[in-house]
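> after the sequence you'll find the predicted model.
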Amino acid sequence: MPLRSAPLPRMAGQLSFMRAQTKAICDVRPGDLAVLGVPFEDTSAPYAGQSLAPRALRETSVYFGWHANPQFSHPVDIDARQHIQTDGLHERLCDLGDISPERDKTIHTALRAAASQISRNGACAVILGGSDQLSETVKSALPKCQTVQLGGMPRDARDFHIAPLPNGSARICKSNTAAQLTRFSQWRDASKPLFVRFDLSVFETSLSALCDRPRLGGCDLDTVAQWLSALGQHEASAIMLTGLNPNRPGMGVVKVGQRLMVTALLAFIYARLGFGIDHPGRLTSKENVPI
Amino acid sequence: MITTITTFRPPLSQPGFRLFDGPLCDMADVNSGQIGVVGMPSDWTHSSRLGTRFGPEALRKATTILQSMRPQGVSIDPDTRRRTVPARDWLVDCGDAEVTAQDVEATTQAIAEMTEGLTVAGAIPLALGGDHYNSFPACLGYSRGLAKRAPDARFGYIQIDGHLDFSDRLGAWGSHNHATNARRISELPNMDVSNMVWVGIAGWVDGGDLALIEKQGGRIFSASDVHKMGAAEVMRQALAHAMEGCDELYLSIDIDAMDAGYLPGTGSIVHSGITPRQYYDLLDGLAEAPLGGLDIVEVSPPLDPSERTEFLAAEMLFRILRRFRTRPVTEQ
């Protein structure tokens, strides 16, 4: 059950991701989605504030917890006109809290241990960063994993890059999404763990604005959501959100960046849990809304 | 001898801004056919991000600044080739309704009294929000006024919005808040849900609300419909549906139908919403509609330090009021 449902104002109550139940890491079960915050930023970043991102993402996620509100009936996708069955959400989505701010080494050690344990439990870690330096730590906790990177700076040519930041050598993905998805299916080795790095810089800067590394020619929300929905249909061991700085000068109140990231992340979560639409592996039925 | 400088206003004779730099006027002095402006600086019926109580003042300031860039009687509207006329010829600003914090009934009646009075006088009430709940008292007063002015008349309703706002209740806020305004309007006596149309809805909506609207004959156009069909065609169909068997149209403009990438300064932002150009095209589609009343809501200046939100919203008013604020070049 959710921690607290209606009538509860969004700004009140205990803050957890989408008002999900809180759990100890040892209680994470196979098939769970375990949210973990890493309020950490590296001090060489051009702006301070990335450590505030986990809280900002959780606050925004509460806007999307409304389907747990008994005063509402079932949610419907207005374009697809399909019921969205979310009955199992609060059985399988849980929030583990944040890793305590400590010395760098301690944080890396704790994050590596947490990512490893969640993976061993057969669950998927949803890691709310924080600096993208930490994604290397998560990657090291998932032996032989394949990494899909949305946005961000390319680090490893073996990774699958979606709209990476140009660094002079990387090829920017400009071909259509369907062709890229086909290429991804060919690249993907299902015998290996999958790690998804989701950096805010995947979005076109004119949409996000809250990113420390702005870029032109990024993706729109629909494209990113399409990718995350596709990735959620794979047995991902972890997804990590990075690049959000809710403290960017003058933009702290606007919250566009976190809204974009959480909205897109929902596509991953619902696909991973078997909800969503057009998902062949879905666990629940879909029905057309009578019109 | 001291020469009077005509462009200088004596201090405090007209403090603050008026919409389109029009005259500040008592409701009793409003003439038939004029736009009568009512401010609704209230946001305590919103459930999350506040600040829309500063919306009326921001809209007055933004329209005044934009108006100053279009000299009255001289400038030509580039799309219609019509000339701008002074706001005093078509608009009066009646100031703000009295808002009583924590008392939804008193605030509702204060707003409704103003829009009712304007409607009875034959004017077109233009209510400035405030959060979207305030659309209900504005429309309530219009509905009462229409019943007095033309007892048999009925009105259609178009709501441009990212959300349906058709819930019966919302948590701790009960039955009168920014998520229930359309539901309350649907219960007014001289209108029918079959004449209600929503344009710009995005994302997920409550299935029960959606089913109830469509069961009763209401029509919904999503943001994707606007992308696919084009704004002009969507509004053509929306207007035809809303006006079937009706005499006048009430329009509710919730600015949050516009994508938050363009317009972040609003309480409940929407992504993959409609673009500014599409929004303006939607409003252009209502240029000749028989407007009986309208409101524009959810402008929250504190949520957009760049101030672009209030200027985008001001341009919406320039669009929807183009029929009033411009004349053919040949017409004196």
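Looks like it came in fine. Numbers count the residues shown, from 1 in each chain, chains lettered A, B, ... in the order given.
> and A:Asp79, how many neighbours?
By other C-beta atoms under 10 Å in any protein chain shown, 18 other residues sit near A:Asp79. (Each C-beta comes from the backbone N, C-alpha and C, glycine too.)
> hmm, I typed the wrong one, I wanted B:Pro264.
24.
> A:Ala157 now?
8.
> cool, and B:Asp284?
17.
> same check, this time on B:Asp152
That count, for B:Asp152 with other C-beta under 10 Å as the rule, works out to 7.
> surely A:Ile118 and A:Gly31 touch.
No. Here A:Ile118 lies out of contact with A:Gly31, judged by C-beta atoms under 8 Å, at a distance of 11.7 Å.
> hey, what's in contact with both of these two?
Shared contacts of A:Ile118 and A:Gly31 (C-beta atoms under 8 Å, 6 or more residues apart in numbering or on different chains): none.
> of these two, who's got more company?
Taking A:Ile118 and A:Gly31 together and counting by other C-beta under 10 Å, A:Ile118 has the greater number of neighbours (25 against 17).
> OK, contacts around the residue nearest to the more buried one when sequence neighbours are not counted?
Using C-beta to C-beta, 6 or more residues apart in numbering or on different chains and skipping residues adjacent in sequence, the residue nearest A:Ile118 is A:Ala125, 4.3 Å away. Contact analysis of A:Ala125 by C-beta under 8 Å, 6+ apart lists A:34, A:36, A:114-115, A:118-119, A:138, A:237-240.
> quick one, which of those are buried?
For these, a burial check counting by 16 or more other C-beta atoms under 10 Å in any protein chain shown picks out A:34, A:36, A:114-115, A:118-119, A:138, A:237-240.
> if we can go back for a sec, tell me the one among the contacts of A:Ala125 nearest to chain B.
A:Ile239 (19.2 Å; C-beta to the nearest C-beta).
> on that earlier part again, which pair of the contacts of A:Ala125 spans the longest distance?
Spatial extent of the contacts of A:Ala125 (C-beta to C-beta) is set by the pair A:Ala114 and A:Ile239 at 14.0 Å.
> helix, strand or coil: sort out the residue of the stretch 1-150 of chain B found nearest chain A for me.
Closest residue of the stretch 1-150 of chain B to chain A, C-beta to the nearest C-beta: B:Ser48 (5.1 Å). Secondary structure for B:Ser48, judged by DSSP: H, G, I helix; E, B strand; the rest coil, is coil.
> for chain A, which segments count as strands?
Along chain A, counting by DSSP state E, strands occupy A:21-22, A:33-37, A:75-77, A:82-83, A:93-98, A:124-128, A:146-150, A:160-162, A:194-199, A:236-242.
> any chance of TSV for these, columns mean pLDDT?
Formatted as TSV, these follow (pLDDT from 0 to 100):
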stretch	mean pLDDT
strand A:21-22	90
strand A:33-37	96
strand A:75-77	81
strand A:82-83	78
strand A:93-98	95
strand A:124-128	98
strand A:146-150	95
strand A:160-162	91
strand A:194-199	96
strand A:236-242	96
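> most tightly surrounded among those strands?
strand A:124-128 (a mean of 29; mean count of other C-beta atoms under 10 Å in any protein chain shown).
> adjacent strands (with direction) for that one?
Strand A:124-128 pairs in its sheet with strand A:33-37 (parallel), strand A:236-242 (parallel), by DSSP bridges.
> by how many degrees do it and strand A:194-199 diverge?
On the basis of axes from the mean of the first three to the mean of the last three C-alpha atoms, to 10 degrees, strand A:124-128 is oriented at 20 degrees to strand A:194-199.
> restricting to C-alpha, output strand A:124-128 in CSV.
Below are the C-alpha coordinates for strand A:124-128, written out as CSV (Å, rounded to 0.1, in the frame of the first residue of the first chain):
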residue,chain,number,x,y,z
CYS,A,124,16.0,-3.0,-10.5
ALA,A,125,17.6,-0.1,-8.8
VAL,A,126,16.3,3.4,-9.7
ILE,A,127,19.1,5.6,-8.6
LEU,A,128,18.4,9.3,-8.3
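> I'd say B:Thr107 and B:Asp96 touch.
No. The pair B:Thr107 / B:Asp96 is not scored as a contact, 11.1 Å apart, by C-beta under 8 Å.
> which one of the buried ones among the contacts of A:Ala125 is nearest to A:Ala80?
Among those, and counting by C-beta to C-beta, the member closest to A:Ala80 is A:Ile239, at 23.6 Å.
> that closest one contacts A:Cys124, correct?
Yes. Here A:Ile239 reaches A:Cys124: they are 7.0 Å apart, a contact under C-beta under 8 Å.
> interface residues of chain B facing chain A?
B:47-48, B:167, B:169-173, B:201-211, B:214, B:220, B:222, B:224, B:259-261, B:264-265, B:269, B:271-272, B:302-306 (C-beta under 8 Å from any C-beta of the partner chain).
> buried only: go through the residues you listed for me.
By 16+ other C-beta under 10 Å, those give B:47, B:167, B:169-171, B:173, B:201-211, B:214, B:220, B:222, B:224, B:259-261, B:264-265, B:269, B:271-272, B:303-305 as buried.
> end to end on stretch B:238-254, go ahead and measure it.
16 Å (C-alpha to C-alpha, to the nearest Å).
> can you give me phi and psi for the residue of the stretch 1-150 of chain B closest to chain A?
phi -140, psi -90 (degrees, to the nearest 10).
> now A:Lys23
Torsion angles, degrees, to the nearest 10, at A:Lys23: phi -140, psi 160.
> cool, and B:Ile76?
phi -120, psi 130.
> again, but for B:Asp259
Torsion angles, degrees, to the nearest 10, at B:Asp259: phi -60, psi 140.
> so what's it up against?
Going by C-beta under 8 Å, 6+ apart, B:Asp259 touches A:207, B:270-275.
> hmm, back to that, the residue nearest to A:Ile118 pairs with what?
A:Ala34, A:Ala238.
> now B:Gly293
Under the criterion used here (DSSP bridges), B:Gly293 is bridged to B:Tyr250.
> and it, what pLDDT?
Turning to B:Gly293, the model gives it a pLDDT of 98.
> picking up where we left off before, need the strands of chain A in TSV (columns: distance to B:Ile158).
Below are those laid out as TSV (distance: least, C-beta to C-beta, whole Å):
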stretch	distance to B:Ile158
strand A:21-22	42
strand A:33-37	40
strand A:75-77	21
strand A:82-83	26
strand A:93-98	38
strand A:124-128	40
strand A:146-150	38
strand A:160-162	39
strand A:194-199	38
strand A:236-242	38
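> neighbours of the residue of the stretch 51-200 of chain A found nearest chain B, how many?
Proximity of the stretch 51-200 of chain A to chain B (C-beta to the nearest C-beta) peaks at A:Ser73, 3.4 Å away. A:Ser73 has 16 neighbours, counted by other C-beta under 10 Å.
> that one contacts B:Asp206, doesn't it?
Yes. With contact defined as C-beta under 8 Å, A:Ser73 counts as touching B:Asp206 (5.8 Å).
> how about the helices in the stretch 151-300 of chain B?
For the stretch 151-300 of chain B, the helices defined by DSSP state H, counting those that start in this stretch occupy B:181-186, B:207-215, B:223-229, B:231-242, B:276-284.
> any idea which of those helices is most buried?
Most buried among the helices of the stretch 151-300 of chain B, given mean count of other C-beta under 10 Å as the contact rule, is helix B:181-186, at a mean of 24.
> quick one on the thing from earlier: biggest separation within the contacts of B:Asp259, which pair?
Applying C-beta to C-beta across the contacts of B:Asp259, the maximum distance is between A:Leu207 and B:Ile274, 14.0 Å.
> these two: who's more crowded?
The residue with more neighbours, out of A:Leu207 and B:Ile274, is B:Ile274; 28 against 21, by other C-beta under 10 Å.
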